[in-house]
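K.L.:
coords below, sequence missing:
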């Protein structure tokens, strides 16, 4: 598995798209800091980018990589190698290289602009950690989708759909249900609904760490009471882990069953 | 004859002496080791219009009554320590001047509003250069008028609202100038109740538990060039008429229930040239009519202006709205307020005829702020992509927000 991981990883590190991705974050970081020159303010703007773009890029990249390396995968499958290690290796290779691009791309400008001297370092690391989680989750989801669909168009379609659902439609349904049941106490419901979507969970986790959480008012106080405690933080990180684990397990299951 | 002459001369001398005595008032020096070591005793023996010079030292006295016109002046800030036993200075005469004293340890009481300095039914008083610390109420003006509170420093350590007092309180007082004072760590920095024609300028009110400045049933008052920072709410104006608010700074009144300015049942006021920066809610307006908001700067607030209800014929002109999460929040579909010629940092229109005014009207109310007003729990969707999308579509064709609530002449460039 490690060998395949290494191969996939180096293959991707050398590929043009990794550089594009890396450069994109590098430029984004520099432009943001150039425009407002305040590390903690830039973190807020960055949050919007991370919770939308990181899942999207993870999804697209994952599907693309799987379909592109299909012939190589088939070649590997002909060898006496454990199936699990082939797919896990590829998965961790893709997710790892994307995470590396993200961390280096955003980290470099922030470090140069004096991140270590500002008190935003914890917020920023949280941002990177959630970004890494989102990458792993969405690459995993896209791998599962790609392995289940021989048809590339269909696979792409489903992958984008799942991103669209979690990033946009889910919030719409969430909003509708909040308005529909406004007569009822909604605190627990909104907590649970937030936990069930990794994008929402990441957004709330970051929001609560920032100054802007005061805008959340009374509802925010309840969220802060939950996520602010060690237990709440632990539960939300555990949920993100669960979210990462689910597609990986799905991928293993599919890989074992699939007839190539 | 000689005797007669002598008699006249004597009486003349006496007359001169007497008149001199009343014309050139005496000066009493008080210090801990002097003949006059007690403030109370010296005030008793002094005549009207005398001067008391209090030299440096500590005077452990409270309930000091000043019942005649006196000038009481501290030299090098003598300390008057009330030892938490009660009220410290009580002025009950016209033309009293208090200058340069350091008053500490006012007694906290749940039945009496003990103050460091209380002025009762007096006119033409001047309270200046005082330092008040460890206090309950600071300066309490009661049914007094035509006085001046100038350049005092009031530092409280209030923790809970129920057992703390206000820095400067005016109750049924008129025509008073409150200027260049620094109030911090009290319940309300400056509190006005039933007080008219008060002029509040160049004060700093910060870190107070409740409000920096608080009006109740007070009319025709003016406050200008003050700074309100990090209070529970900067300024609360309630049930008052004809208040002028100019060139004040409201800064960092930040928290889950914090406001820069809170207006409730205010009519015919003017809010001009103020700066609202980094407050959770810049101005919270409820039941306020005929108010002019002109040339204010709203920078980086959560909500710049939140209109809760029953606000009619207000006019917003020439304000700058810069980088607020929500510019205006509105909870009804009815709008009777006018927005014109403001600069909105999130305005995306164009100006083809180059007259400095955008050709497309700007709609400052986001659908999200409308939804949040209806169901407060929906705020958890703050900064989600979905909300940005529906805000955009609502902006293109308003359905839920009042369609006449718009700035038809948004400025293209920031008003300087």
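P.N.:
Noted; the coordinates are in hand. Every value quoted in this text rests on a predicted model; they were computed, and no experiment measured them.

K.L.:
how about the nearest residue to residue B:77, chain neighbours excluded?
P.N.:
Of all residues not flanking residue B:77 in the chain, residue B:102 sits nearest, at 4.3 Å (Cβ to Cβ, 6 or more residues apart in numbering or on different chains). Bear in mind the C-beta positions are built from the backbone N, C-alpha and C, glycine included.

K.L.:
can you name the residue of the stretch 151-260 of chain A nearest chain B?
P.N.:
In the stretch 151-260 of chain A, the residue that lies nearest chain B is residue A:171 (3.6 Å; Cβ to the nearest Cβ).

K.L.:
just to revisit the earlier point, partner residues bridging the residue nearest to residue B:77?
P.N.:
Beta-bridge pairing for residue B:102 (DSSP bridges): residue B:79, residue B:131.

K.L.:
can you list the weak-confidence ranges in chain B?
P.N.:
Applying pLDDT under 70 to chain B picks out residues B:1-24.

K.L.:
switch to 80 and redo it
P.N.:
Filtered on pLDDT under 80, chain B yields the residue ranges B:1-25, B:255-257, B:331-334, B:396-398, B:400-403, B:416.

K.L.:
kindly report the same for chain A.
P.N.:
A:1-5, A:7-8, A:11-15, A:36-42, A:44-45, A:114-120, A:209-230, A:259-260.

K.L.:
leaving out the residues flanking it, which one is nearest to the spatially most central residue of it?
P.N.:
With distances taken as Cα atoms, centre = their mean, the residue of chain A nearest its centroid is residue A:134 (1.2 Å). Spatial nearest neighbour of residue A:134, excluding adjacent residues (Cβ to Cβ, 6+ apart): residue A:54 at 4.7 Å.

K.L.:
which SS state does residue B:44 fall under?
P.N.:
When classified by DSSP: H, G, I helix; E, B strand; the rest coil, residue B:44 comes out as helix.

K.L.:
count of neighbours near it?
P.N.:
For residue B:44, the count of nearby residues is 11 (other Cβ atoms under 10 Å in any protein chain shown).

K.L.:
again, but for residue A:153
P.N.:
Residues within reach of residue A:153, counting by other Cβ under 10 Å, total 8.

K.L.:
follow-up on the earlier one: what's the residue nearest to the centre of chain A in contact with, if anything?
P.N.:
A:50-51, A:54-55, A:58, A:198-199, A:202 (Cβ atoms under 8 Å, 6 or more residues apart in numbering or on different chains).

K.L.:
quick one: the strands in the stretch 1-150 of chain B, in order.
P.N.:
B:27-30, B:50-54, B:58-59, B:64-66, B:70-74, B:79-81, B:89-91, B:97-99, B:102-104, B:115-120, B:126-128, B:131-133, B:137-142, B:148-150 (DSSP state E, counting those that start in this stretch).

K.L.:
now the residue of chain B found nearest chain A, nearest residue through space, not along the chain?
P.N.:
Nearest residue of chain B to chain A (Cβ to the nearest Cβ) works out as residue B:386 at 3.6 Å. Residue nearest to residue B:386 in three dimensions, not counting chain neighbours: residue A:171, with 3.6 Å by Cβ to Cβ, 6+ apart.

K.L.:
quick one: secondary structure of residue A:84?
P.N.:
With three-state DSSP as the criterion, residue A:84 reads helix.

K.L.:
number of residues surrounding it?
P.N.:
A count of neighbours around residue A:84, defined by other Cβ under 10 Å, yields 13.

K.L.:
all helices of the chain, in order?
P.N.:
Unless you meant another one, I'm taking chain A. Secondary structure of chain A by DSSP state H: the helices cover A:2-14, A:16-36, A:39-68, A:70-78, A:83-112, A:121-148, A:152-164, A:170-180, A:187-195, A:198-209, A:217-227, A:230-257.

K.L.:
I was thinking of chain B, sorry if that wasn't clear
P.N.:
With DSSP H as the criterion, chain B has helices at B:2-23, B:39-45, B:367-374, B:385-396.
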